[in-house]
Every structure is written in structure tokens, then in C-alpha cells.
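Asker: below are the sequence and a predicted model; questions follow.
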Amino acid sequence: MRPSYTVTELLGDGIGPELSKAVHTLADALPIHLDFRPIDLSLENRRARGKAVYDEAVASIVQTIVALKHPTITAEESPNAVLRRRLDLSVIHRPVSTIPGVPTNFRRELDLDIVRIATGGTYDDPGRAIGEDGAVSLRIVERRPVREAARYAFSLGRRTGKRVTSASKYTIQKATDGLFEAVAKEVASQYPEVPHSVELFDALLGKVIMSPEKFQIVLVLNEYGDFLSDMACGLAGSLGIGASANLAFDASAVVRVAMYDAAHGTAPDIAGKGLANPTAIFLAFAMLVGQLGETEVAQAIKSSTLTLLGDGIRTRDLGGTESTESFAAAVAAEVAKRLGSSGV
Ligand code: ATP
């Protein structure tokens, strides 16, 4: 019998339904059984049912531990922000790498794991005006999420043999970034086999472009992670292929719940036309499957997707001719071939 897992699937807007269909095509080809529990997070349902939809989503995710989230429209509220707050998702892991064969302006190879503290920084305070010509906002750095992110980054380093670089402006932001680096150092001392270096964040941006091979896992505060993620995706050739894990931890630093999503939005301009590229949601799905402990299956999903892209089997946004469905079917067939599973 195939091993079976239950997964919450948060359905969204725009290209969300097409992406969901593509994920199911792929899931059907795996040697594991995934029992998807759908929760409708579309704008229409959120408007009709209000808070109850989020209550349902949170209860389901807490139960299934893992969730796959499709893109949703941010209107009255941002579903990602609501879920992040309600589930205490304090860390975002965003792997970004160049894909052999996919054209980029950048001529080097890049393979970064960005581990970002998902709360605080300047993003929790919209700021306020001071008189007519000034404004101020608070920048918040807290020990707990920094420690959780650092433990996650160093455990990833331990598992993968990769180095960790923490980057901030600790020479200027002495209290906030100083606290961040102190916690990173404290956690690093518990992982002596994982090499750790410290960079100033502005210097890091230049160095990633000049010597990308020197950087593997990068640990950063909220806003720096935001900037670095988009820069790295741009270097890798597309903002449309990024995927993230949004993570919450228990007191022993074990992942308590994890929500996986694509970095892109709902793409209303192409919704319903079969033009959506499912690469990002497939990479998010691969991370989810890895979290279930199915490392070999996760690796097969990721490498099959990337190999096909490299071979020129691509959707139109990447210069190919495949539709969402035909690309999904091709990845599913490749995964089934590699894993010797049933196929589609
Ligand atoms: P939102 O408001 O939900 O963020 P948006 O259109 O402003 O939507 P994105 O959804 O990120 O932002 O889209 C930006 C551009 O990239 C659009 O032209 C869109 O069609 C394209 N795009 C985004 N995601 C994909 C995808 N998965 N496949 C193909 N094109 C995409």
C-alpha cells in the first residue's frame, strides 16, 4: 500500500484553479497517496463567509501540519498576512537557483537558500507622520523568531552540508541588527560543523552577484530577505518560478506547521487560458513532500520539473509552447518514470 498523508489545500483566485488541477495531475503520478483537504480561500468565499473561512483554514492546517496555498487576491485583507499571524509563521524559506537551459541576464550559476525572519523589521509598523514634513516607523527585532530562523538555517546546513551566512547592518543598526547577529552566533555555536560567516547586507548583495558560488544558506531579517529574494529570483531569470515555505515552530524548534506557496500572484491577465506556468507551485509542492519525510519523491518532483524546463519543455512565459496541463502531464510522466510509480 502507498504511504498516505493528509494535506490542506488552500484554493485561491485567478490562475489558482488551474494550478490546483496541475498539482493534482502530478500528485496522481506519485508513489505516495495525498489526501487533499480543500479550503476555499477565494475572494468570493472570503467575502461571503468572512472570518469563518480563516477559522476553518487554521483548524485544518493545525491538524494536517502541512498546507499548499494557491495565489489569492489581496483586497480587504492579505490572506497570507492573516494566516502568518494566526499560525505564527515566523520564518520563510525561499530556495532560489538558476535553471540550466533557462535564459537569464546573469551568466553565473546561483543556488541560494534564503531563510528570512517573517515578522517584525519595519513591516509590522506602518509608521506615522511627525508634523508636516516628517514620518517615523519602528523597527522591531525579537529574539524568538530570530532564534527559530537561525536554528532552521543551521539544521538545513547540517542536513545538506551547506554553509550559513548571516547578513545585516549590525555596524549601523547596533541594537536591532546587533541582536540578530548575537542570536545567530549563539545558535551557530550549537552547530560547530556548519561553517558560519557574517556579512554586511549591502556588501552581500554585491558579492552574491560577483561570486555567487560563495553563498549557500543566507539568514536575514524580514526586509533584507524581501529584497534579497526578489534580486535572487531576478538573477535566476524569473520572478515567476520562486516558491516558499512559511514555517511555525514548537518550543523544541521542530516545525509545528508549514504552508507552501508560489511567490507569484494570481495573474488575472492570463487566468483561465491555460497559460499559467505551474513551475513555482510544483517547487512549493516538492518542498511540502520533503517536509512529509518523502525526500526521494520531493527530489524527483524538483529535478523532473527543472530537467524538463532545461530541455525546452516550457510554458509560454518562458518561451515554450506547452499549456499548463500539458506541462503538468509531462512532469507527472517524468516523475512516474523516475520513481517507477503508476504514472498518469
Ligand atoms: P497579484 O495582484 O495577485 O499579485 P499581479 O498580476 O499583480 O497579481 P502576478 O500575479 O505576480 O502579479 O503577475 C505579474 C505578471 O507575471 C503578470 O503578467 C502575470 O501574468 C505573470 N505571471 C505571474 N505568475 C505567472 C505564472 N505562474 N505563469 C505565467 N505567468 C505568470
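Answerer: The structure has been received and is ready for your questions. Only a predicted model underlies this, so the values are computations on that prediction, with no experimental measurement involved.
Asker: where do the helices sit along the stretch 101-250 of the chain?
Answerer: With DSSP state H, counting those that start in this stretch as the criterion, the stretch 101-250 of the chain has helices at 143-160, 176-188, 201-210, 222-235.
Asker: the ligand: which of the ones you listed is closest?
Answerer: Nearest to the ligand, of all those, is helix 222-235, at 11.0 Å by Cβ to the nearest ligand atom. (Glycine included, C-beta is placed from N, CA and C.)
Asker: who does that closest one touch, helix- and strand-wise?
Answerer: Helices and strands touching helix 222-235, by 3 or more Cβ pairs under 8 Å, 6 or more residues apart in numbering; DSSP states H and E, are strand 91-97, strand 111-117, strand 164-168, helix 201-210.
Asker: phi, psi of V66?
Answerer: With angles defined as degrees, to the nearest 10, V66 sits at phi -120, psi 150.
Asker: I'd like the numbering to begin with 720 instead of 1 from here.
Answerer: With the count now opening at 720, the last piece we talked about shows up as V785.
Asker: number of nearby residues for it?
Answerer: Residues lying near V785 (other Cβ atoms under 10 Å) number 21.
Asker: list of residues touching stretch 790-800?
Answerer: Residues outside stretch 790-800 that contact it (Cβ atoms under 8 Å, 6 or more residues apart in numbering) are 729, 731-735, 738, 760-762, 765-766, 773, 788, 965, 980-981, 983-986.
Asker: likewise for stretch 891-901?
Answerer: 836, 858-860, 862, 865, 885, 887-889, 917, 940.
Asker: among those residues, which ones lie close to the ligand?
Answerer: Checked against the ligand using Cβ under 6 Å from any ligand atom, the contacts of stretch 891-901 give no members in range.
Asker: now the buried members of those.
Answerer: Buried positions within these, assessed by neighbour count (16 or more other Cβ atoms under 10 Å), are 836, 858-860, 865, 885, 887-889, 917, 940.
Asker: could you look up the SS state of F1001?
Answerer: Of the three states, F1001 takes helix under DSSP: H, G, I helix; E, B strand; the rest coil.
Asker: sorry, back to before: need the helices of the stretch 820-969 of the chain in JSON lines (columns: mean pLDDT and distance to A1005).
Answerer: Shown next, in JSON lines, are the helices of the stretch 820-969 of the chain (pLDDT from 0 to 100; distance: least, Cβ to Cβ, whole Å):
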{"stretch": "helix 862-879", "mean pLDDT": "96", "distance to A1005": "15"}
{"stretch": "helix 895-907", "mean pLDDT": "98", "distance to A1005": "27"}
{"stretch": "helix 920-929", "mean pLDDT": "98", "distance to A1005": "24"}
{"stretch": "helix 941-954", "mean pLDDT": "94", "distance to A1005": "17"}
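Asker: any chance of the ones you listed in a markdown table with distance to I811 as columns?
Answerer: A markdown table is the format used below for those (distance: least, Cβ to Cβ, whole Å):
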| stretch | distance to I811 |
| --- | --- |
| helix 862-879 | 9 |
| helix 895-907 | 15 |
| helix 920-929 | 17 |
| helix 941-954 | 7 |
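Asker: pick out the residue of the protein closest to the ligand.
Answerer: For the chain, Cβ to the nearest ligand atom, closest residue to the ligand: G984, 2.2 Å.
Asker: which residues of the stretch 770-919 of the chain lie near the ligand?
Answerer: By Cβ under 6 Å from any ligand atom, the residues of the stretch 770-919 of the chain that approach the ligand are 790, 792.
Asker: what's the most distant pair in the contacts of stretch 891-901?
Answerer: The distance between the two most remote of the contacts of stretch 891-901 (Cβ to Cβ) is 21.4 Å, for I859 and V917.
Asker: out of the contacts of stretch 790-800, which sit inside strands?
Answerer: Assigned to strands by DSSP state E, the following of the contacts of stretch 790-800 qualify: 729, 788, 965, 980-981.
Asker: in the protein, where is pLDDT below threshold?
Answerer: Within the chain, the stretches with pLDDT under 70 are 958, 1061-1063.
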